[in-house]
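Chemist: return a 3D structure for these sequence lines:
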Amino acid sequence: MRIDVVSIFPDYLSALDLSLIGKARASGLLRFDVHDLRDFTTDRHRTVDDTPYGGGAGMVMKAEPWAQALTAVLDAGDTAAAEAAPPVLVIPSPAGEVFRQATAHELAAADHLVFACGRYEGIDERVAEWAEERFTVRPMSIGDYVLNGGEVATLAMVEAIVRLIPGVIGNPGSLTEESHADGLLEYPMYTKPASWRGRDVPEVLLSGDHGRIARWRREQQLARTADRRPDLLPPAGP
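Modeler: A predicted model of the protein is given here:
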């Protein structure tokens, strides 16, 4: 997989050099490049924003630097592959579709992802319209709140996506036994010692009875999901 990120704070993405994603990059499972949007400006101040038409607070990111940056990303890629399957352009935005585990699985199957990290009041809307001729454009939100920019959301989405690429996680089975893998939250987890500060591991986990353990874990998933995320449960019948 190839991932490109465009940002005015490229160092923000350095965390992706760490842990499993860093290993995936080193092993060749992932090509990951970060581009400074200011490199695609033409004035000596490297200006990337301007006042919004119609008035209002804040500034809006200018269209032309984005067009130049995204064109450079396309030109550096496999033209034939891009024509067969356009890269997916993810624009982190509180006005986008909600990023879920199912979305991570969908995007993990793509050959080329591009993340456009907006700042200020966002990116001139015409950039997304222009990009639709070259990319599959996906404005994406990681939750119902507002951040200062798209970098944090990009870090979260890239980590969720890349860990699903075959070979990145050492034990693929762990991907099927975690929160949201089956639509529910994960069951509680414990490790040694069996008794800690007056709190004991549930007896069933020490029983060696795998059938009982599986039933207990399913019950815990349902109870935890009902308590913390009832919106994930299917509606009750009539």
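
Chemist: please make it C-alpha for all contacts and neighbour counts, starting now.
Modeler: Fine.

Chemist: do you know how far the residue of the chain most remote from its centre is from Thr51?
Modeler: In terms of distance from the mean C-alpha position of the chain, Gly198 ranks first, at 39.0 Å (Cα atoms, centre = their mean). Counting by Cα to Cα, to the nearest Å, the gap from Gly198 to Thr51 is 60 Å.

Chemist: pull the helix or strand with minimum mean pLDDT from this protein.
Modeler: Here the helix or strand of the chain ranked lowest by mean pLDDT, DSSP states H and E is helix 79-84, holding a mean of 69.

Chemist: next secondary structure element downstream of that helix?
Modeler: Downstream of helix 79-84, the first helix or strand assigned by DSSP states H and E is strand 88-98.

Chemist: what helices or strands is that following strand leaning on?
Modeler: strand 112-116, strand 136-141 (3 or more Cα pairs under 8 Å, 6 or more residues apart in numbering; DSSP states H and E).

Chemist: name the residues of whatever helix or strand comes next after the shortest one that are buried.
Modeler: Downstream of strand 112-116, the first helix or strand assigned by DSSP H and E is helix 125-131. Neighbour counts using 16 or more other Cα atoms under 10 Å place Val127, Ala128, Ala131 of helix 125-131 among the buried residues.

Chemist: quick check: pLDDT value at the residue nearest to the spatial centre of the chain.
Modeler: Nearest to the geometric centre of the chain sits Met157, at 0.8 Å (Cα atoms, centre = their mean). Note on Met157: pLDDT of 97.

Chemist: ok, it to Thr47 distance?
Modeler: Using Cα to Cα, Met157 is found at 28 Å from Thr47.

Chemist: hmm, who's touching the single longest helix found in the chain?
Modeler: Counting by DSSP state H, the longest helix found in the chain is helix 210-228. Helix 210-228 has contacts (Cα atoms under 8 Å, 6 or more residues apart in numbering) with Leu184, Leu185, Glu186, Tyr187, Pro188, Val204, Leu205, Leu232, Leu233.
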